[in-house]
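next come a sequence and a model predicted from it.
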Amino acid sequence: MASVDNTSRPEQYAAPVDVDPNQLAALPHDDSGPKLNAVIWTLTALSGLILALRIYCRFWRRKGLWWDDAFLIAAWLCITVESAMLTKATTLDYGKHIWDFDMANMRELLLYINIAGSFSVTAAIWAKTSFGITLLHLTDGWIKMVTWVIIISMNIAMGLSALFPWVNCKPLKKSWDYTIDGTCWAHEVTVHYNIFSGAYSTFMDFALALLPWGFIWKLQMRKKEKFGVGVAMSMGILAGITGIVKVSKIPNMLSNDFADGVDLWCWGNAETTVTIIAASIPMLRVIIREAAGSRQTYGAEYYKEGMTTGKRNVTGNVTISRGGPMGSDVEMAKQINDDSSSDKGILDNSNQDTFKMGRIVKTHNFTIEYHSRDSHQGGH
C-alpha cells in the first residue's frame, strides 16, 4: 500500500484519517475493478449484437442506413471508447479503496476518467437522439414538434455535462494534473448540475417512450397489432428506469473513495446500452414478423371428395395485382406516399399482405364442381 499525503492529491480525494495497522486491517480491501469491467463489457457486447441485427434488418429489407442508424452506431462507438478508458483506469488501481490506491497513478487516472465521462454522456445523447429522429419520420403535428423540443433541449442539457470536465479548470491541464497552479470550480457545482441533467434526460426517456402511442392508436390496425407496435416502441421506459438509478448514484462523485464511483459507471453504461437496445427492438420486430409471414402458404388448395362417384370439388383463390414497387410498411398503415424513410418499416398493419409483392388489389375465392369423364360416360 502506498502512502497518501495531503500535498499530492486533488482536493476531492481526501486522505483518510491516520490509522494504526490493526485498524487498517479491519478496513475493506476489495477491488471493484473486475466487476466494473465485467458489467460494462457485457452490456457493450450485448448492445453491439442487437445493433448489428438492426443494421442487418435494414439491408435485408433492401434499405440503406439512415440518420437514426448513424447516430445509434456513433453512440455504440462512444460507449465502446468509454469502456476502453475505464478498463485502462482499472489498470491504474481504479476500483480500489483510497487507502489501497497508489497516488502516483492519480494524474494519468484522472485524464482517463475525464475522457470516459465525456464519451459516456455523448453516447447517451446520441442514443436518445437516434430514437427521436425515428419518431420525426413517423409522426407529424404536435407530436413532431414535441419531439424536436426534446431532442434540442436534451442535447443542450446533457452536452454541457460532457463539456464541463474540460472547462471547469484554468488552465485546462489542471483538470487532471492537480500539481500545476490554477483554479477549478467547486466539485459540488458539476455534481449538482449532473444530477439535474441526468434527471432531465431520464424524464425525456419516458416522454420519448410514451409519445408513439399518440399516433399508433389512430392507425387503421387491429388492436393486437397496435399494442405490439406500441410496446416495441416504448422500450425506452427501461432506459428511463436505469436512468433513475444512475441519477441516484451521482452524489457518489463527492465521495473521497474511488470505489464508491464504480456503481455510477455501471449504471451510466447500462442507461446508454439499454437505450441502444430499446431503439433497435422495433426494427427487429420487423424481421420476426416478416420471417413468420414468409412461412405462410399462399395459392390454391384442392380438396377432393366423392372418389367413388367421381365427383370433385376444387377450392382456391385468385389474386389480382398491379405492377409497381413493393409498398413500405408505413403505406400499409398510414397510406403515406411522400416519404420513403426506412424507419417506417417498424409500423405494422393487419392488411400488410395486400400491399406486398406488386401491390395486391383484390383476392377472389372460388369453388369448382365437376365430374370425371369416366363417371359421366358411366351414367349414360
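Yep, it's here. Since the structure is predicted, the reported quantities are computational estimates derived from the model, not experimental observations. Residues are numbered from 1 along each chain as shown.

any idea of the mean pLDDT for the strand or helix carrying residue 265?
If you go by DSSP states H and E, residue 265 is part of helix 262-294. Taken as a whole, helix 262-294 has a mean pLDDT of 80.

where does pLDDT dip in the chain?
Scanning the chain for pLDDT under 70 picks out the ranges 1-20, 24, 26, 61-63, 219-221, 226, 228, 285-380.

got the domain boundaries for it?
21-292, 301-379 (automatic domain parsing).

pick the most buried one from those.
domain 21-292 (a mean of 19; mean count of other Cβ atoms under 10 Å). For the C-beta atoms, the positions are set from N, CA and C on the backbone; glycine is no exception.

and the contacts of stretch 186-197?
The contact list for stretch 186-197, computed with Cβ atoms under 8 Å, 6 or more residues apart in numbering, reads 11-12, 157-158, 160-161, 164-165, 168, 247, 250-251, 253-254.

same check on stretch 240-253?
187, 190-191, 194-195, 198-199, 201-203, 205-206, 209, 260-261, 263-264, 267-268, 270-271, 274.

just stretch 37-44 next, same as before
With Cβ under 8 Å, 6+ apart as the test, stretch 37-44 has contacts from 76, 79-80, 82-83, 86-87, 90, 265-266, 269-270, 273-274.

what segments of the stretch 51-200 of the chain are strands?
169-170, 183-184 (DSSP state E, counting those that start in this stretch).

okay, those strands in TSV with distance to residue 122 next?
What follows is the strands of the stretch 51-200 of the chain, written out as TSV (distance: least, Cβ to Cβ, whole Å):
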stretch	distance to residue 122
strand 169-170	20
strand 183-184	22
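
all helices for the stretch 101-250 of the chain, in order.
Using DSSP state H, counting those that start in this stretch, the helices found in the stretch 101-250 of the chain span residues 106-136, 141-163, 187-210, 213-216, 223-233, 236-249.

for residue 179, give its distance to residue 104.
The span separating residue 179 from residue 104 equals 12 Å under the rule Cβ to Cβ, to the nearest Å.

swap in residue 189?
Distance from residue 189 to residue 104, counting by Cβ to Cβ: 28 Å.

please apply the same query to residue 258.
14 Å.

ok, now residue 192?
Separation of residue 192 from residue 104 (Cβ to Cβ) stands at 31 Å.

check residue 164 too.
Look at residue 164 and residue 104: by Cβ to Cβ, they are 27 Å apart.

now do residue 124
From residue 124 across to residue 104, the span is 32 Å (Cβ to Cβ).

and what of residue 120?
26 Å.

I'd assumed residue 126 was in contact with residue 159.
No: between residue 159 and residue 126 there is no contact under Cβ atoms under 8 Å: 10.6 Å.

got the contact list for residue 117?
162, 165.

repeat for residue 58
Under the criterion of Cβ under 8 Å, 6+ apart, the contact list for residue 58 reads 64, 65, 69, 283, 342.

now the two most distant members of those residues.
64 and 283 (13.5 Å; Cβ to Cβ).

now that residue 97 has come up, it's in contact with residue 27, right?
Yes: counting by Cβ under 8 Å, residue 97 sits close enough to residue 27 to count as a contact (7.0 Å).

anything in contact with each of these two?
With Cβ under 8 Å, 6+ apart, residue 97 and residue 27 have no common neighbours.

quick revisit: which of the contacts of residue 58 fall within helices?
69, 283 (DSSP state H).

could you export the contacts of residue 58 as TSV, including distance to residue 38?
Listed next are the contacts of residue 58 as TSV, based on distance: Cβ to Cβ, whole Å:
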residue	distance to residue 38
64	36
65	31
69	29
283	29
342	35
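
closest one to residue 36 out of the contacts of residue 58, please.
So of the contacts of residue 58, ranked by how close each gets to residue 36 (Cβ to Cβ), first place is residue 69, at 29.3 Å.

fine by me, we can end here.
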